[in-house]
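Asks: Requesting a structural model of the entry that follows:
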Amino acid sequence: MPPFTLHPSPVSVHAPLIRRNPHPASDDRFQLAVINDAGQALLRRYWSAGKLTDLNRALELLQSAVQRTPPNSPDLPMYLSNLSNGLRDRYARTGDLADLEEAELARLQAEDPARFAG
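Replies: Alright, predicted model coming up:
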């Protein structure tokens, strides 16, 4: 018997949370956190396995979290930073300059969200 318990991968745990909302009574902030966390789990899996499909799906989720987060939310800088990191990873993989430009914009917004509000 191993000295530790194996847990399912974070991606397999988050997948059903993204397909349907298991917490319909939860507030928007919680739901956005779940989306962001699922994106982060896919990003970590990309770092581990190198599958571009994981990176692309991670970016879809991270972009969704950013787009749905109110501009005055205290979570927005973190979501923007996560998106920026993922876009930089995709730029490194594909060389698409648009990803690097979008990553830089997300980074700047994360540093000073008020500057970009409105």
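Asks: At the geometric centre of this protein, which residue do we find?
Replies: Residue closest to the average C-alpha location in the chain (Cα atoms, centre = their mean): residue 62, at 3.1 Å.
Asks: biggest helix in the protein by residues?
Replies: helix 28-49 (DSSP state H).
Asks: and that one, what other elements does it pack with?
Replies: Under the contact criterion of 3 or more Cβ pairs under 8 Å, 6 or more residues apart in numbering; DSSP states H and E, helix 28-49 touches helix 10-19, helix 52-68, helix 76-94. Where you see a C-beta, it was placed from the backbone N, CA and C, and this is true even at glycine.
Asks: Give the rounded mean pLDDT of the helix or strand harbouring residue 101.
Replies: Under the criterion of DSSP states H and E, residue 101 resides in helix 97-111. For helix 97-111, the mean pLDDT works out to 97.
Asks: can you list the residues that contact it?
Replies: Here helix 97-111 makes contact (Cβ atoms under 8 Å, 6 or more residues apart in numbering) with 66, 76-78, 80-81, 83-85, 87-88, 90-91, 115-116.
Asks: Also stretch 73-89?
Replies: By Cβ under 8 Å, 6+ apart, stretch 73-89 touches 29, 32-33, 36, 39-40, 43, 46-47, 55, 58-59, 62-63, 65-66, 69-70, 99-100, 102-104, 106-107, 109-111, 113.
Asks: That one - what's its average pLDDT?
Replies: For stretch 73-89, the mean pLDDT works out to 97.
Asks: quick one: buried residues of it?
Replies: 76-77, 79-89 (16 or more other Cβ atoms under 10 Å).
Asks: Check the offset of stretch 84-100 from the chain's centre.
Replies: Taking the mean of its C-alpha atoms, stretch 84-100 sits 14 Å from the chain's own mean (Cα atoms, centre = their mean, to the nearest Å).
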